[in-house]
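> sequence unknown, structure follows:
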């Protein structure tokens with residue numbers, strides 16, 4: 001058998017071809033005194049149409065000053081400063097004429113819009129084939145010519161430019177301006193919808209605070225400014241957060257005198273008071289969900305009503321869905337917080353939507369090209385010897401149980417499974433033949449090169465790829481979920497725990513040359529630690545080591561190596577030294593197969609209360625184990641089977657909650673299953689990394705999990 005394609009499907013996906021008519025939209029910042037009806041009359045749409053386009057607005061009373069509304073344009077906009085019947089503004093400005101342009105190699109839509117000073121929508125409107133196909137060399141396009149704009153839209157004066165400061169997030173900025181995150185994205189369409197990242201120094205368009213509109217001429221909202229030497233309109237606009245045109249509108253004498261002159265006294269809006277910055281260093285944030293009330297919020301957020309109102313005075317106007325509330329950072333204890341945003345604790349099992357029908361692809365190296373299924377004895381031998389085969393078969397056997405489990409919950413899943421044969425050429429062949437349309441996630445491949453190949457192909461279709469046993473691939477892929485925590489995460493977990501347990505113990509570090517990072521990290525945490533001498537990078541200098549042990553303090557010995565013989569030798573030495581007079585405990589920040597070798601005495605490890613960080617824990621006789629044994633005739637699941645179930649079940653539950661893994665990752669924090677837990681954080685464009693892990697300890701010849709009281 002040269003290939004395997006296993007299909008597990010219960011309901012086929014129906015595809016509907018929906019033709020969507022082009023629709024024009026604009027945004028409107030609600031001013032003092034405006035109502036839903038007056039705004040609808042201005043834009044010649046019905047109030048119901050505005051409500052339909054702004055889901056966070058439930059009733060007319062929700063339309064408050066500074067609310068950003070999305071307005072679908074269906075007719076002419078009535079200019080507020082003229083009689084409704086005398087002057088109308090055309091929605092779509094007609095071009096004065098057209099020119100022709102033949103597309104050259106490497107030209108882009110963005111480049112064309114910049115060259116001809118038009119928008120992408122204007123270009124597509126007169127070249128409708130661009131709606132359905134990409135720009136190609138040789139295309140002949142119609143380029144519309146429009147008259148130069150004479151004056152800045154008055155509505156722009158209601159907005160200002162805001163520069164993102166360090167440690168600010170979308171939620172902190174939305175709270176500062178009293179708008180929803182959705183409104184922030186509408187005002188700044190260039191923001192990435194699949195990531196919440198903001199760059200320091202990035203400029204955003206935001207509504208002026210209530211009473212700070214340039215149309216409001218109250219003297220107390222403005223300040224006088226005397227122009228110093230070498231001042232420019234651009235630098236002045238940056239300083240006060242307004243455009244150069246807005247400065248000229250407020251001070252028409254600038255044009256009359258031929259530009260900005262030294263000594264001019266200008267009228268400018270008062271600068272925003274930035275004292276007491278609202279950012280992730282000082283606060284955490286919560287986004288109000290529909291149908292929530294103040295009482296429920298105080299219970300969920302562990303805060304009193306008075307505290308909540310004192311920190312969020314806008315609550316006096318009523319609690320609204322989409323509001324961003326701030327809380328003191330110390331309230332994070334006991335809450336699920338990700339990127340300074342408080343997450344609602346969601347029970348995925350109780351939150352599935354059976355209408356969601358995930359479509360999965362498994363790509364694992366079963367190596368059926370090497371296995372002779374007719375020779376049972378040889379096949380069993382190969383499975384025992386070859387790690388790639390045992391991993392794949394074990395992982396997939398657990399994944400099958402996860403698929404059975406989600407099916408019993410009423411969720412149908414379409415599955416395809418491919419044997420990568422541990423061959424990148426085979427992976428490319430699979431990708432070239434397989435239609436990835438509608439796929440919600442790809443689990444695998446295992447090898448880094450194959451994973452990189454799949455990640456690149458899947459990224460173009462916005463498909464997440466889950467690395468079954470990897471913590472990094474060496475490349476940046478914004479769509480890859482690395483299910484195994486990095487060595488740094490595990491090391492930090494261990495050192496954070498021991499840092500809190502430290503009571504002046506005698507710390508000794510034994511590290512070979514390949515574990516210098518661990519050596520430096522431990523020494524940084526415990527500066528007074530002693531360094532043991534290693535001979536030929538593989539054995540301990542016994543006499544020099546024994547004199548480092550203390551008889552008055554507990555000895556903490558860190559062993560950092562991946563050599564089984566060295567682990568065996570050191571544990572034997574430490575076990576002999578561990579007496580009633582000398583107490584010795586052994587740790588490592590990098591648990592690897594050397595510590596699980598058959599040459600290592602489990603009795604020695606137990607005597608030394610050997611402690612280590614791990615991304616998995618020992619599995620009890622839980623529901624998964626029982627289901628696995630029932631399905632596979634009493635066979636107990638190995639570590640790979642447990643991982644296959646946990647990784648697959650986690651992905652399936654998240655897709656059953658929302659049929660988009662990227663969206664679910666924003667609102668779901670820690671999840672935990674039979675032997676593995678997951679808590680993915682998005683590291684900008686380089687991927688999603690799991691930071692969930694355990695601390696394990698040998699005790700009485702058994703391995704047990706160390707239960708922590710806080711979030712390490």
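Here it is on my side, so go on. A quick note: this is a predicted structure, and the numbers were derived from the prediction, not measured. Numbers count the residues shown, from 1 in each chain.

> Show me which helix or strand of the protein is least confident by mean pLDDT.
strand 5-8 (a mean of 31; mean pLDDT, DSSP states H and E).

> Just want the most central residue of this structure.
residue 682 (3.2 Å; C-alpha atoms, centre = their mean).

> Name whatever forms a beta bridge with that one.
Assessed by DSSP bridges, residue 682 has beta-bridge partners residue 688.

> so it makes contact with residue 665?
Yes: counting by C-beta atoms under 8 Å, residue 665 is a contact partner of residue 682 at 6.9 Å. Any C-beta I mention is one placed from the backbone N, CA and C, and that applies to glycine too.

> Mutual contacts of the two, please.
Common neighbours of residue 682 and residue 665, counting by C-beta atoms under 8 Å, 6 or more residues apart in numbering, are residue 688.

> which residues touch stretch 594-611?
With C-beta under 8 Å, 6+ apart as the contact definition, stretch 594-611 has outside contacts at 494, 561-568, 571-572, 574-575, 578, 584-588, 612, 695-702, 706.

> Just those: which are in strands?
When the contacts of stretch 594-611 are checked against strands (DSSP state E), the matches are 584, 585, 586, 587, 612, 695, 696, 697, 698, 699, 702.

> Can you tell me which of the residues you listed is nearest residue 506?
residue 584 (9.5 Å; C-beta to C-beta).

> right, and the closest one touches residue 574 too?
Yes: counting by C-beta under 8 Å, residue 574 is a contact partner of residue 584 at 5.1 Å.

> quick one, which of those two is more surrounded?
Taking neighbours as other C-beta atoms under 10 Å, residue 584 and residue 574 compare with residue 574 leading, 26 against 22.

> Hmm, that one is touching residue 548, no?
No: applying C-beta under 8 Å, one finds residue 574 not in contact with residue 548, separated by 11.7 Å.

> which residues of the stretch 601-712 of the chain fall in helices?
Applying DSSP state H, counting those that start in this stretch to the stretch 601-712 of the chain gives helices spanning 602-607, 623-631, 639-657, 661-667.

> I'd like to know the average pLDDT value across the last one.
Looking back up the chat, that one is helix 661-667. For helix 661-667, mean pLDDT rounds to 88.

> Flag every buried residue along it.
661, 662, 664, 665, 666, 667 (16 or more other C-beta atoms under 10 Å).

> Does that helix pack against any helices or strands, and if so which?
helix 639-657 (3 or more C-beta pairs under 8 Å, 6 or more residues apart in numbering; DSSP states H and E).

> Would you enumerate the residues in contact with the nearest residue to residue 515 once chain neighbours are set aside?
Leaving out its chain neighbours, the residue that sits closest to residue 515 by C-beta to C-beta, 6 or more residues apart in numbering is residue 560, at 3.8 Å. Taking C-beta under 8 Å, 6+ apart as the criterion, residue 560 is in contact with 509, 510, 511, 512, 515, 518, 519, 522, 588, 589, 590.

> and if you look at residue 316?
With C-beta under 8 Å, 6+ apart, residue 316 has these contacts: residue 309.

> List phi and psi for it.
Dihedral angles of residue 316 (phi, psi; degrees, to the nearest 10) stand at phi -60, psi -20.

> how close does it get to residue 57?
To residue 57, residue 316 is 19 Å away according to C-beta to C-beta, to the nearest Å.

> in stretch 565-584, what's buried?
566-571, 573-575, 577-578, 582-584.

> tell me the two of those that are most distant?
Distances among the buried residues of stretch 565-584 were taken as C-beta to C-beta; the most separated pair is 566 and 583, at 22.7 Å.

> Which strand or helix spans residue 326?
strand 324-328 (DSSP states H and E).

> Could you pull out the buried residues of stretch 168-185?
168-184.

> May I have the distance across it, first residue to last?
With C-alpha to C-alpha, to the nearest Å as the measure, stretch 168-185 spans 15 Å from end to end.

> Go ahead and name everything in contact with it.
Residues outside stretch 168-185 that contact it (C-beta under 8 Å, 6+ apart) are 56, 66-68, 162, 164, 191, 193, 196, 198, 200, 204, 206-207, 209-210, 278-280, 283, 285, 287, 312, 314, 322-326, 339-341.

> Between the buried residues of helix 661-667, which sits nearest residue 617?
Of the buried residues of helix 661-667, the one sitting nearest to residue 617 (C-beta to C-beta) turns out to be residue 665, at 23.0 Å.

> Show me which of the buried residues of helix 661-667 is closest to residue 131.
residue 662 (24.8 Å).

> how close does that closest one sit to residue 668?
From residue 662 over to residue 668 (counting by C-beta to C-beta), the distance is 11 Å.

> What segments of the stretch 401-550 of the chain are helices?
424-433, 448-459, 487-501, 516-525, 542-546.

> What of the stretch 201-350 of the chain?
Along the stretch 201-350 of the chain, the segments classed as helices by DSSP H, counting those that start in this stretch run 233-240, 244-250, 253-256, 294-301, 305-311.

> Can you tell me which of these is most buried?
helix 244-250 (a mean of 18; mean count of other C-beta atoms under 10 Å).

> Mean confidence (pLDDT) on it, please.
78.

> Now do the strands in the stretch 151-300 of the chain.
Along the stretch 151-300 of the chain, the stretches classed as strands by DSSP state E, counting those that start in this stretch are 159-163, 203-207, 222-226, 265-269, 283-287.

> Save those strands as JSON lines, and put in distance to residue 626 and mean neighbour count too.
Shown next, in JSON lines, are these (distance: least, C-beta to C-beta, whole Å; neighbours: other C-beta atoms under 10 Å):
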{"stretch": "strand 159-163", "distance to residue 626": "56", "mean neighbour count": "18"}
{"stretch": "strand 203-207", "distance to residue 626": "53", "mean neighbour count": "19"}
{"stretch": "strand 222-226", "distance to residue 626": "73", "mean neighbour count": "13"}
{"stretch": "strand 265-269", "distance to residue 626": "68", "mean neighbour count": "17"}
{"stretch": "strand 283-287", "distance to residue 626": "39", "mean neighbour count": "23"}
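
> Ok, which of those strands comes nearest residue 141?
Here strand 203-207 is closest among the strands of the stretch 151-300 of the chain (C-beta to C-beta), at 29.2 Å.

> that older thread, please name whichever of the helices of the stretch 201-350 of the chain is nearest to residue 555.
Among the helices of the stretch 201-350 of the chain, helix 294-301 sits nearest to residue 555 (C-beta to C-beta), with 44.4 Å.

> who touches the closest one?
For helix 294-301, contacts defined as C-beta under 8 Å, 6+ apart pick out 286, 288, 303-305, 308, 315, 319, 325, 327, 331, 335, 342, 344.

> just how off-centre is that helix within its chain?
For helix 294-301, the separation from the chain centroid amounts to 26 Å (computed by C-alpha atoms, centre = their mean, to the nearest Å).

> quick revisit: going by mean pLDDT, which of the strands of the stretch 151-300 of the chain comes out lowest?
Looking at those, the weakest mean confidence is strand 222-226, a mean of 74.

> Let me have the helices of the stretch 401-550 of the chain in TSV, extended by mean pLDDT, mean neighbour count and distance to residue 643.
Listed next are these as TSV, based on pLDDT from 0 to 100; neighbours: other C-beta atoms under 10 Å; distance: least, C-beta to C-beta, whole Å:
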stretch	mean pLDDT	mean neighbour count	distance to residue 643
helix 424-433	92	16	21
helix 448-459	92	20	16
helix 487-501	94	18	16
helix 516-525	95	17	24
helix 542-546	89	13	37
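
> Adding distance to residue 641, write these out as a markdown table.
Formatted as a markdown table, the helices of the stretch 401-550 of the chain follow (distance: least, C-beta to C-beta, whole Å):
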| stretch | distance to residue 641 |
| --- | --- |
| helix 424-433 | 24 |
| helix 448-459 | 21 |
| helix 487-501 | 22 |
| helix 516-525 | 30 |
| helix 542-546 | 41 |
